[in-house]
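K.L.:
Build me a model from this:
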Amino acid sequence: MLKRGNVTTKLIGVGALVLAVAACGAPPAKETPAGAAGTAKSASELGGMDKLVEAAKKEGKLNVIALPPDWANYGEIIKAFEAKYGIKVDSAQPDASSQEEINAAKQLKGNDRAPDVFDLGLNVALANKDLFAPYKVSTWDDIAAELKDADGAYYGDYGGFMSIGYDAAKVPAPTSVKDLLKPEYKGKVALNGDPTQAGAAFSGVMMAALGNGGSADDIAPGVEFFKQLKAAGNFQPVDPSPATIESGQTPVVIDWDYTNAAQTEKLKGKLDWKVVVPADAQIGAYYNQAVSKDAPHPAAARLWQEFLYSDEGQNLYLKGMSRPVRLDKMGDKADKAAKDKLPKTEGKQVFQTQAQADKAKAVLTATWAQAIG
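P.N.:
I've put the predicted structure just below:
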């Protein structure tokens with residue numbers, strides 16, 4: 001799937017997963033995994049990478065959640081991990097939002113289908129640190145201090161900028177957010193999810209704010225923009241997916257540049273799908289990795305992190321059009337061909353502080369439903 005934004009589907013999906021576990025006879029609840037792997041804060045605490053690999057292979061399985069195959073190239077990443085280590089990856093609920101990852105972990109705590117690891121927006125990561133097991137990967141020092149918890153509870157993995165993806169055969173090329181209010185975009189503009197629930201949609205409203213006189217401290221113009229977009233009949237209240245893009249139902253999609261750019265590759269020969277990061281509205285953000293303190297496969301969970309933050313894992317993110325957190329430190333080890341394909345950005349770039357994001361989230365919670373109706 002394209003994203004993590006369909007709140008209703010994902011809530012049903014998490015419930016279905018819980019019911020499926022119950023129907024199959026879930027194992028009895030157990031305490032946090034015992035042994036060195038369950039408490040190790042680094043590979044060295046297990047005796048080094050070879051020992052970590054040995055322990056993970058013995059577990060033989062890894063549970064992940066909320067990782068769509070064409071989101072940041074997770075489909076290829078999962079296959080590469082399985083092939084490298086011979087560990088089966090069970091990928092549940094690919095369309096789940098960050099909050100739904102946490103909900104599933106709580107609901108499934110104590111059985112072997114609970115998530116081992118998380119991939120979360122910063123707001124959700126900060127609010128749930130008590131659910132994480134601190135772990136520092138071997139390349140920890142390459143991660144910028146502002147993109148990681150000092151104790152290793154969570155850490156940025158990949159990021160990008162909010163963008164506008166569009167079918168060039170159906171609409172004119174937008175150069176700014178305001179262009180989307182024009183009649184040519186009537187009934188065509190979709191946002192990736194509910195901004196009060198999904199990180200991508202939240203940043204989409206922030207992009208609209210920046211493009212309409214707002215700032216990192218003021219998301220209100222973004223809410224007003226979407227109110228106007230709906231009043232103009234241009235807003236399409238459909239969660240976009242590869243299927244809705246290919247069918248023409250959502251010819252304009254506001255989403256992360258790496259997700260939109262992935263569609264350019266996937267739909268080549270079918271649609272002329274293009275991506276633009278508006279120069280006057282560049283809002284960027286990183287997602288974050290964390291190990292569950294209740295991971296049923298604690299060694300595999302830690303090995304997954306080591307893989308993601310290795311040169312191989314970071315280049316796989318890069319191949320998926322996202323910007324891996326170690327990119328600036330990789331030098332000539334970064335995949336140049338993949339790096340050259342990244343959507344172009346220039347000019348002022350905005351990264352919200354947590355205080356600014358919290359303030360914006362409060363405004364959205366209070367005003368979004370009324371604005372969109």
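K.L.:
where do the strands sit along the chain?
P.N.:
61-65, 88-92, 117-120, 132-133, 155-167, 189-191, 252-256, 273-276, 282-292, 323-324, 349-350 (DSSP state E).
K.L.:
Return the most buried member of those.
P.N.:
strand 252-256 (a mean of 28; mean count of other CB atoms under 10 Å). In this view, the C-beta of every residue, glycine as well, is placed from N, C-alpha and C.
K.L.:
What angle do strand 282-292 and that strand make with each other?
P.N.:
50 degrees (axes from the mean of the first three to the mean of the last three CA atoms, to 10 degrees).
K.L.:
ok, strand 252-256: who's next to it in the sheet?
P.N.:
strand 155-167 (antiparallel), strand 189-191 (parallel) (DSSP bridges).
K.L.:
Any chance of those in TSV with mean pLDDT as columns?
P.N.:
Converted to TSV, the strands paired with strand 252-256 look like this (pLDDT from 0 to 100):
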stretch	mean pLDDT
strand 155-167	96
strand 189-191	98
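K.L.:
For Ala360, find the nearest of the ones you listed.
P.N.:
strand 155-167 (13.3 Å; CB to CB).
K.L.:
Relative to the whole chain's centre, how far out is the closest one?
P.N.:
9 Å (CA atoms, centre = their mean, to the nearest Å).
K.L.:
closest to Gln356 out of the strands paired with strand 252-256?
P.N.:
Taking the strands paired with strand 252-256 one by one with CB to CB, strand 155-167 is closest: 15.1 Å.
K.L.:
Keeping just the C-alphas, turn the closest one into CSV.
P.N.:
Coordinates of each C-alpha in strand 155-167 appear next as CSV, following Å, rounded to 0.1, in the frame of the first residue of the first chain:
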residue,chain,number,x,y,z
TYR,A,155,16.3,7.0,16.9
GLY,A,156,15.6,8.5,13.5
ASP,A,157,15.8,6.0,10.6
TYR,A,158,14.7,7.8,7.4
GLY,A,159,13.0,11.0,6.4
GLY,A,160,12.0,13.2,3.6
PHE,A,161,9.9,16.3,2.7
MET,A,162,6.2,16.7,2.1
SER,A,163,5.4,16.8,-1.6
ILE,A,164,2.7,17.0,-4.2
GLY,A,165,2.5,14.0,-6.5
TYR,A,166,0.4,14.4,-9.7
ASP,A,167,-0.6,12.8,-12.9
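K.L.:
Nearest to Asp90, out of the strands paired with strand 252-256?
P.N.:
With CB to CB as the yardstick, what comes closest out of the strands paired with strand 252-256 is strand 155-167 (19.7 Å).
K.L.:
Ok, which of the strands paired with strand 252-256 comes nearest Ala295?
P.N.:
strand 155-167 (16.1 Å).
K.L.:
Now do the same contact list for Gly199.
P.N.:
Contacts for Gly199 (CB atoms under 8 Å, 6 or more residues apart in numbering) come out as Arg4, Ser97, Ser98, Gly121, Leu122, Asn123, Val124, Ala285, Tyr287.
K.L.:
pretty sure the fifth one contacts Thr353?
P.N.:
Same thing as Leu122. No: contact between Leu122 and Thr353 fails when scored by CB atoms under 8 Å: they sit 10.0 Å apart.
K.L.:
a markdown table for the strands of the chain, including distance to Ala338?
P.N.:
Listed next are the strands of the chain as a markdown table, based on distance: least, CB to CB, whole Å:
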| stretch | distance to Ala338 |
| --- | --- |
| strand 61-65 | 22 |
| strand 88-92 | 22 |
| strand 117-120 | 20 |
| strand 132-133 | 30 |
| strand 155-167 | 12 |
| strand 189-191 | 27 |
| strand 252-256 | 16 |
| strand 273-276 | 15 |
| strand 282-292 | 18 |
| strand 323-324 | 10 |
| strand 349-350 | 20 |
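K.L.:
Out of these, which gets nearest to Glu76?
P.N.:
strand 88-92 (12.0 Å).
K.L.:
Sheet partners, orientation included, of the closest one?
P.N.:
strand 61-65 (parallel).
K.L.:
Contacts for the strand it pairs with, please.
P.N.:
56, 78, 81, 87-93, 96, 101, 104, 112-119, 295-297, 300-301, 303-304.
K.L.:
can I get the CA coordinates of it in PDB?
P.N.:
The C-alpha trace of strand 61-65 is given here as PDB (Å, rounded to 0.1, in the frame of the first residue of the first chain):
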ATOM      1  CA  LYS A  61      11.400 -15.000  13.400                       C
ATOM      2  CA  LEU A  62      10.800 -11.200  13.500                       C
ATOM      3  CA  ASN A  63       7.500  -9.500  13.900                       C
ATOM      4  CA  VAL A  64       7.100  -6.100  12.200                       C
ATOM      5  CA  ILE A  65       4.100  -3.900  11.800                       C
END
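K.L.:
from the contacts of Gly199, which would you call buried?
P.N.:
Of the members of the contacts of Gly199, the ones counted as buried by neighbours, 16 or more other CB atoms under 10 Å, are Arg4, Ser97, Ser98, Gly121, Leu122, Asn123, Val124, Ala285, Tyr287.
K.L.:
possible to save these as CSV with pLDDT?
P.N.:
Shown next, in CSV, are those (pLDDT from 0 to 100):
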residue, pLDDT
Arg4, 49
Ser97, 86
Ser98, 89
Gly121, 87
Leu122, 87
Asn123, 81
Val124, 89
Ala285, 92
Tyr287, 93
